[in-house]
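S.K.: The amino acid sequence is not available; the structure is as follows:
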């Protein structure tokens, strides 16, 4: 029998700002253990890039951050093609020998993270890559784990989280269920 | 009738011509190209998008720049590229075009890049390939050269940001030019305020005004106030016949010199699809001068061809 998954409503979903607070302290803790000046945040478009931008500001990091659009590295190109609007990846610093913290909004199958790591290695050979996510929703299909997590929430498989940002920069998490 | 370049989902599955392509598809190609431009600054200049795919460059007509930039583009997408100079192989032995394609399809080709001296050859091939095989026109007869048209649009957008308020003059042998045709269709679809065709009456096709183009036979009038000047190559074989008296005479009236360029806007860009005939359609001082963006066109051409190949290859079968 399939496990019963809770049906989230906007009222029962965890508050995105609380999740962000957890993520911020987890990332701060990780950075303290890494050599100063060699740490860069890299956000995955779009949600991860917003998160990385806010983390970068709230942590007062001096090193520039980067953004990645993994569209050209997806493993399902043959199925879905190139429809969505692709954003340029922007990694303005040399990644060789740097400690990178990859930031995304939702960790699910792990395929996006694999694609992002493949892309990062095309910029050079980093010293290390760590993963920070706002939400870990389980359902992994690859051996990938986050070291900084805002919260664990496991919705129904057909549901997807949608992160948005208000004019003041606050995060809002919603859930959408795809029609099949 | 459905546009033969689009599949039943409305996705671009072949690129044969810019004529009749919706504005959102043109814009999608330009936006995608823009994301490929920064690759040139990376350690590894490749993305794995077309990994495992076979791209066949079929050049039934000579070309260096176009074939090379298509090859670089396909390789930067991680495709396997095969270059075939058909004019020295099977076609010379009498094989028909469709037999050549059937044989290459049997070698598991995924994408054909086709240049042919006959207008319509890429369209004919597109009609006969399997649904998962894609065709990109790299220039057919006098008909179309859509990737050149698109890289010209990319270059204009790069330097001018927006198409809406521009005056663009296309100058030279419009009649025989597939580049001019592809440019005019793309410029009008993208909403350029004024498209001008400038050339001697013998080299201007009829019906330009129905395409929304202003026609000029006086070059000085034609480039006055222009934001963009696209010079066309004067093909040597047109010279000396009934159409034109001499290269010298042509240069005098239609060659772009600094003196004539002064009539255009002060920030006007000068483009040319290459190869250039210096001293025939363009003066060296202009070709190498501050308004020239001719070498930028070549660089952008790689990103635009990457965008086109990855978009058609991603269309569902």
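M.R.: Yep, it's here. Just so it is clear, the structure is predicted and the values come from calculations on it, not from any experiment.
S.K.: helix or strand right after the biggest helix by length in chain A?
M.R.: If you go by DSSP state H, chain A has its longest helix at helix A:16-32. Counting by DSSP states H and E, the next helix or strand C-terminal to helix A:16-32 is strand A:39-44.
S.K.: What's the mean pLDDT across stretch B:177-185?
M.R.: Here stretch B:177-185 scores 96 as its mean pLDDT.
S.K.: check contacts around residue A:77.
M.R.: Contact analysis of residue A:77 by CB atoms under 8 Å, 6 or more residues apart in numbering or on different chains lists B:49, B:314. Glycine gets a C-beta too; all of them are placed from N, C-alpha and C.
S.K.: now residue B:146
M.R.: By CB under 8 Å, 6+ apart, residue B:146 lies in contact with B:15, B:16, B:17, B:18, B:137, B:182, B:308.
S.K.: rerun that using 6 Å as the cut-off
M.R.: Taking CB atoms under 6 Å, 6 or more residues apart in numbering or on different chains as the criterion, residue B:146 is in contact with B:15, B:17, B:18, B:137, B:182.
S.K.: wait, what's in contact with residue B:229?
M.R.: By CB under 6 Å, 6+ apart, the contact set of residue B:229 is B:169, B:223, B:270.
S.K.: how about the residues of chain A near chain B?
M.R.: Among all residues of chain A, those adjacent to chain B (criterion: CB under 6 Å from any CB of the partner chain) are A:72, A:77, A:81, A:82, A:86, A:88, A:122, A:123, A:124.
S.K.: Can you tell me how far residue B:87 is from residue B:117?
M.R.: Noted for residue B:87: a distance of 9 Å to residue B:117, by CB to CB, to the nearest Å.
S.K.: From the residues of chain A next to chain B, list the buried ones, please.
M.R.: The neighbour count (16 or more other CB atoms under 10 Å in any protein chain shown) marks A:72, A:77, A:81, A:82, A:86, A:122, A:123, A:124 as buried among the residues of chain A next to chain B.
S.K.: quick check, nearest of those residues to chain B?
M.R.: For those, the closest approach to chain B (CB to the nearest CB) belongs to residue A:81, at 2.8 Å.
S.K.: Can you name the residues that contact the residue nearest to the closest one when sequence neighbours are not counted?
M.R.: In this structure, residue A:81 finds its nearest non-sequential neighbour in residue B:314, 2.8 Å apart by CB to CB, 6 or more residues apart in numbering or on different chains. Contact analysis of residue B:314 by CB under 6 Å, 6+ apart lists A:77, A:81, A:82.
S.K.: Equivalent analysis for residue B:59, please.
M.R.: Neighbour list for residue B:59: B:67, B:85, B:115 [criterion: CB under 6 Å, 6+ apart].
S.K.: ditto for residue B:42
M.R.: With contact set as CB under 6 Å, 6+ apart, residue B:42 has these partners: A:122, A:123.
S.K.: Can you give me the distance of it to residue A:126?
M.R.: According to CB to CB, residue B:42 stands 14 Å off from residue A:126.
S.K.: residues in chain B within reach of chain A, list them.
M.R.: Taking CB under 6 Å from any CB as the contact definition, chain B meets chain A at B:32, B:35, B:38, B:42, B:43, B:44, B:47, B:49, B:310, B:311, B:314, B:315.
S.K.: What's the separation between residue B:245 and residue B:254?
M.R.: 12 Å.
S.K.: Pull out the buried residues from the worst-scoring helix or strand of chain A on mean pLDDT.
M.R.: Least confident helix or strand, chain A: helix A:77-80 with a mean of 83, by mean pLDDT, DSSP states H and E. Buried residues in helix A:77-80, counting neighbours by 16+ other CB under 10 Å, are found at residue A:77.
S.K.: next structured bit after that helix?
M.R.: strand A:99-107.
S.K.: give me the residue from chain B nearest chain A.
M.R.: Nearest residue of chain B to chain A: residue B:314, at 2.8 Å (CB to the nearest CB).
S.K.: quick one, phi/psi of that residue?
M.R.: Here is the backbone geometry of residue B:314 (degrees, to the nearest 10): phi -90, psi -10.
S.K.: One more: residue B:191?
M.R.: Dihedral angles (degrees, to the nearest 10) for residue B:191: phi 80, psi 30.
S.K.: which regions of the stretch 51-200 of chain B sit below the pLDDT cut-off?
M.R.: The stretch 51-200 of chain B contains residues with pLDDT under 70 at B:88-92.
S.K.: could you pull out the strands for it?
M.R.: Secondary structure of the stretch 51-200 of chain B (DSSP state E, counting those that start in this stretch): strands at B:54-59, B:80-85, B:111-116, B:134-140, B:167-171, B:194-198.
S.K.: how long is stretch B:3-11 end to end?
M.R.: For stretch B:3-11, the first and last residues are 10 Å from each other (CA to CA, to the nearest Å).
S.K.: Which one of the residues of chain A next to chain B is nearest to residue B:298?
M.R.: Nearest to residue B:298 among the residues of chain A next to chain B, counting by CB to CB, is residue A:88 at 20.6 Å.
S.K.: wouldn't that closest one be in contact with residue B:37 here?
M.R.: No: between residue A:88 and residue B:37 there is no contact under CB atoms under 6 Å: 7.7 Å.
S.K.: Contacts only, for the residue nearest the centre of chain A.
M.R.: With distances taken as CA atoms, centre = their mean, residue A:104 lies nearest the centre of chain A, 0.5 Å away. Contact analysis of residue A:104 by CB under 6 Å, 6+ apart lists A:44, A:48, A:133.
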